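Asker: got a predicted model here, sequence first, then my questions.
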4 protein chains.
Amino acid sequence: MDFREVGRRLSNWGRWDVGGHRDERGTTNLLTPERVVAASALVREGKVFDLGIPFGADGPQTGALRINPVLTMKETGVDQHLPGGAHYSDDYVFMPLQCASQWDGLAHVYYDDLLYNGFPASDITPHGTKHLSIEHQAKGLVGRGVLIDVAGHRGVDWLPAGEVITPDELDAVLAAQGTDLRGGDILAIRTGWRRKFLAEHDPASFMAGEPGLGLASCEWLADHEVAAVCSDNWAVEVLPGEDPAVLLPVHLVLIRDMGMTLGEILDFEELAADCAQDGRYEFMMTAPPIKFRRAVGSPTNPLAIK
Amino acid sequence: MDFREVGRRLSNWGRWDVGGHRDERGTTNLLTPERVVAASALVREGKVFDLGIPFGADGPQTGALRINPVLTMKETGVDQHLPGGAHYSDDYVFMPLQCASQWDGLAHVYYDDLLYNGFPASDITPHGTKHLSIEHQAKGLVGRGVLIDVAGHRGVDWLPAGEVITPDELDAVLAAQGTDLRGGDILAIRTGWRRKFLAEHDPASFMAGEPGLGLASCEWLADHEVAAVCSDNWAVEVLPGEDPAVLLPVHLVLIRDMGMTLGEILDFEELAADCAQDGRYEFMMTAPPIKFRRAVGSPTNPLAIK
Amino acid sequence: MDFREVGRRLSNWGRWDVGGHRDERGTTNLLTPERVVAASALVREGKVFDLGIPFGADGPQTGALRINPVLTMKETGVDQHLPGGAHYSDDYVFMPLQCASQWDGLAHVYYDDLLYNGFPASDITPHGTKHLSIEHQAKGLVGRGVLIDVAGHRGVDWLPAGEVITPDELDAVLAAQGTDLRGGDILAIRTGWRRKFLAEHDPASFMAGEPGLGLASCEWLADHEVAAVCSDNWAVEVLPGEDPAVLLPVHLVLIRDMGMTLGEILDFEELAADCAQDGRYEFMMTAPPIKFRRAVGSPTNPLAIK
Amino acid sequence: MDFREVGRRLSNWGRWDVGGHRDERGTTNLLTPERVVAASALVREGKVFDLGIPFGADGPQTGALRINPVLTMKETGVDQHLPGGAHYSDDYVFMPLQCASQWDGLAHVYYDDLLYNGFPASDITPHGTKHLSIEHQAKGLVGRGVLIDVAGHRGVDWLPAGEVITPDELDAVLAAQGTDLRGGDILAIRTGWRRKFLAEHDPASFMAGEPGLGLASCEWLADHEVAAVCSDNWAVEVLPGEDPAVLLPVHLVLIRDMGMTLGEILDFEELAADCAQDGRYEFMMTAPPIKFRRAVGSPTNPLAIK
């Protein structure tokens, strides 16, 4: 299966262009007002689950590809002499925007010199990206979220690295969970990779590979009109990949051809336990990026609300 | 009016302690499950408003107190030779956590060597804060949001710097808007200060002072059991302050005595226009911080959903 | 005078290539061992002058082009419990490499898609530069330094912005100082611009323009076989430039065509006072860059030793 | 041997105070003008050796204690449209000041709440240090440098971690080299630890321990009136230390009691080869720090000139 061929077939280029305006949002266009209203009806008990992981020195980065956030204190309150006796603290951070829980912007990957919707790769310069900035997702990803707990369904703590999650397995998990899919859903795929990190605290092992989606799932996601997909691993897709001659084919098809943003390095542990308990794997999800100018990704702390 | 006296009177210390566990969340404890469910019923049209401002070099910081975020590209896609022809982009940021739209953590200000709920000021070290970290607000601020459009009510683009917004005026605006307050509300106070910045693009003028709440409003916020307050200015409270001998008294009482987190440098322009049009100033609000470890604040991009 | 024409005439491309190895050092090749030995003979009194300015928040950057260094403390010694009672402090910095006293690397400017010695502009990527990195000046600029105190000769605190220093004036100052030039000299041109900053502490005014060299001086520098030129302003050359249709022509000719590194934002105040006193404007100069990998510039703190 | 007792005996507190001015330079006061002049006479062949290591992602830091420098490009020349066709590149760095070749400032370590010369530990705040800043070494360390090639003398590539270099061995190496010591010398102690890193490229192993000076050498350094000591390992002193109950005792005595700055993570490979060849282990050394305001350390690229 050639990813370029798959990409051509599933392409959403032009689909959401209106008049002369070329779309820069991709599949989050599927998050229509009607679907937002419908999602809000899923809030029944008022439980809130935060899906972002902590941003700190204990994060999953090894320093090879990216570093963990470095937080330093500019003020701790000492050595201040303010009127009335006030003291304040203040902190700075240096970090890759994609070092922990994050949304990929639609300019994050490309091939053959073109980004999603035909924007030229030259749009990405040292000044950031001219099109497809994460700012275009500013209103967040608000809609119906669906957890697909693959690790839970298999009854394992986590799937092994390199394990492909197939469309058949996705269907089987959904069936077992009693969850249907609807257009515009935001999928949360639990592989157990976060649990592995929490158990082992081993960034090198976390980053060395991962279980995840294969190329066949791209069509499945397109067929179900999925608005976005996120996972508890660091790249959504399986690593090492199915074809050693291609790096990140699922990224390339989903982001560059279909215009689908990916959420990575999330934590579904508490949510999954709750879903297993009440048998309800659907929820309202609100997951805004921070509006970094011309950025190709953003930290996020998505909320699942049941 | 002495802020220490006000603080003593309005103190929430111990109020949400349970068993031996000392509370670190403050007034967001008021965001109960029932109130979350009730807030979700405010989603009727599926409109989403993003209240965060862009994070970039064009932000409101002058460099004196804080700098604007500096985004640099680690990868733009050039000079890569990956299997299959994949290219990726990646960005880094260096910034103060409180340089743009942000939540103050409960360790952000203190006086007399004590933080909220009696934690010692020595909890704040170069390693961050040991208690009251922004992580404690990880589940976000989810609840009923209410816009109090003071500038809109006055019919001005913005209030002048140094102008105190009094409890009487807050009541008057709410009455004119036809909005009631309920326990656990998240208040969004529009002073027009963001509009000023959008009109002038002048960080020095934006930071030189601002209209905002005075000390009398602390009691008003306490009486109404407000869960959090946010504003389109940079400190919620009026600057220069009412008493030149005291800096940031409203911060000190709200954060340190009452345990109320403040949201700053937000953008209510689009939201206010919509509220003015349909006369409905209430909405569901979800406003998660990024979970920075041991941090005293966090960037945020709150969503108002109607 | 067309800078491209001047550049072609003064080009050093190929001059220092040896065998198949293309030169990446430029005019610092003129700093021969003989000249280093000769320079050491200028050390007669053991006086050391540090020509670097302080790196801090009080630097000359406005935030428009670059920011001043941001230093944060990772450790101050508090909140440490080390065996034996040891405490340590540690600091981090975020800064542009060219925000204060610095050497321009030979990949810092270019035109017509070519860098010095014909290296392609595509050598500069988000990963840094493949050729002409500042690392090639790692052994520093060691040689005979000569101060040309233009402001002192004119008897003014500083020359006005936009004032061109001509070859005739350089000759006149040297003659008045009684200083001859020799091949391989490192020139320090004092315009008074640092004194202006020390008097005014006004970054906006410091950066708005400056007195400096014009295009005619390029030939003069070439004729005298100068190894490097540095100044107390921020770009060596006059700003606004002589021709409004061309930005930084002196940079382009000196760096890109001649391969001459420029030292900027230095402080000659103490040195100039000493030279005026003893009438000796020559000294041994050692000015190593920090060896940043693939960098296009570097902070420096040059020493003049008399 | 109790390090506090050794420190009391070797203390230089008050030694260089003049009038009411308390000294903040320590043993670099020994770098007198006469000694600078004498050092310049060691320049005989005009050979320059750069002792700094490269600053880059391939540095020796593991991320546990410190990270390696992160260099990002703000400009590469693309996406610029400047008058006349000029293009420029520009880079930013984020780094600990002590992540690669560096001088420890005299506020870098302390015990019993006092810094060198009795300054209080409270001088070190999140704003940096009020006294003993690295700025006090701004004129650099200029003087006679002496290489003590311990690894070379032993005939090994490197000494093992935990190996103590004793005063007797220092004397033996000097005798074998035919080098005498004079007051005000800057010592460069070669353990081979840099060679180990160049051979193995293994930061974890480089940082896990090191051969180096023990507590007994403090007295030896004091007796010889040494102005500064530097090494090719990362802490000058042996690690693990001689007494497991005390961390960094040599740091504490040299820096806090004697006021001696330490140079760390240097590269003597090329220099040592040259010294072995001509039998001359002395040279002029110029090693300025970058003048970071209120900093407790600084990057450096020392030059040895023969």
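Answerer: Arrived safely, thanks for sending.

Asker: residues in contact with the nearest residue to A:Ala204 once chain neighbours are set aside?
Answerer: Residue nearest to A:Ala204 in three dimensions, not counting chain neighbours: A:Thr62, with 5.4 Å by CB to CB, 6 or more residues apart in numbering or on different chains. C-beta here means a position set from N, CA and C on the backbone, and glycine is covered the same way. By CB atoms under 8 Å, 6 or more residues apart in numbering or on different chains, the contact list for A:Thr62 reads A:Pro203, A:Ala204, A:Met207, D:Gly63.

Asker: does stretch A:115-133 come close to chain D?
Answerer: Yes - Stretch A:115-133 reaches chain D (CB under 8 Å from any CB of the partner chain) through A:Ser122, A:Thr125, A:Pro126, A:His127.

Asker: look at that stretch and report the distance between its end residues.
Answerer: Stretch A:115-133 stretches 12 Å from its first residue to its last (CA to CA, to the nearest Å).

Asker: ok, and what's touching that stretch?
Answerer: A:12-14, A:17, A:22-24, A:26, A:105-107, A:110, A:113-114, A:255-257, A:259, A:292-296, B:71-73, B:76-77, B:87, B:89, B:91, C:126, D:73-76, D:78-79.

Asker: farthest pair within the contacts of A:Thr62?
Answerer: A:Met207 and D:Gly63 (13.0 Å; CB to CB).

Asker: where does the nearest residue to A:Leu106 once chain neighbours are set aside land on pLDDT?
Answerer: Once flanking residues are discounted, A:Leu106 sits nearest to A:Leu132: 4.0 Å by CB to CB, 6+ apart. As predicted, A:Leu132 sits at a pLDDT of 98.

Asker: per-residue confidence averaged over the helix or strand harbouring A:Ala272?
Answerer: Assessed by DSSP states H and E, A:Ala272 sits inside helix A:269-278. Taken as a whole, helix A:269-278 has a mean pLDDT of 98.

Asker: name the next helix or strand downstream of it, please.
Answerer: Taking DSSP H and E, what comes next after helix A:269-278 is strand A:282-286.

Asker: that next one versus helix A:269-278: what angle between them?
Answerer: Strand A:282-286 runs at 150 degrees relative to helix A:269-278, counting by axes from the mean of the first three to the mean of the last three CA atoms, to 10 degrees.

Asker: follow-up on the earlier one: as JSON lines, the contacts of A:Thr62 with secondary structure, neighbour count and pLDDT would be great.
Answerer: As requested, the contacts of A:Thr62 are arranged in JSON lines below (DSSP: H, G, I helix; E, B strand; the rest coil; neighbours: other CB atoms under 10 Å in any protein chain shown; pLDDT from 0 to 100):
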{"residue": "A:Pro203", "secondary structure": "helix", "neighbour count": "18", "pLDDT": "97"}
{"residue": "A:Ala204", "secondary structure": "helix", "neighbour count": "11", "pLDDT": "97"}
{"residue": "A:Met207", "secondary structure": "helix", "neighbour count": "20", "pLDDT": "98"}
{"residue": "D:Gly63", "secondary structure": "coil", "neighbour count": "18", "pLDDT": "92"}
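
Asker: from those, pick the one nearest chain C.
Answerer: D:Gly63 (12.8 Å; CB to the nearest CB).

Asker: got the phi/psi numbers for that closest one?
Answerer: Main-chain dihedrals, D:Gly63, degrees, to the nearest 10: phi 100, psi -10.

Asker: show me which of the residues of stretch A:115-133 next to chain D is closest to C:Arg190.
Answerer: Nearest member of the residues of stretch A:115-133 next to chain D to C:Arg190, counting by CB to CB, is A:Pro126, at 34.1 Å.

Asker: start to end distance for stretch A:82-100?
Answerer: Stretch A:82-100 stretches 37 Å from its first residue to its last (CA to CA).
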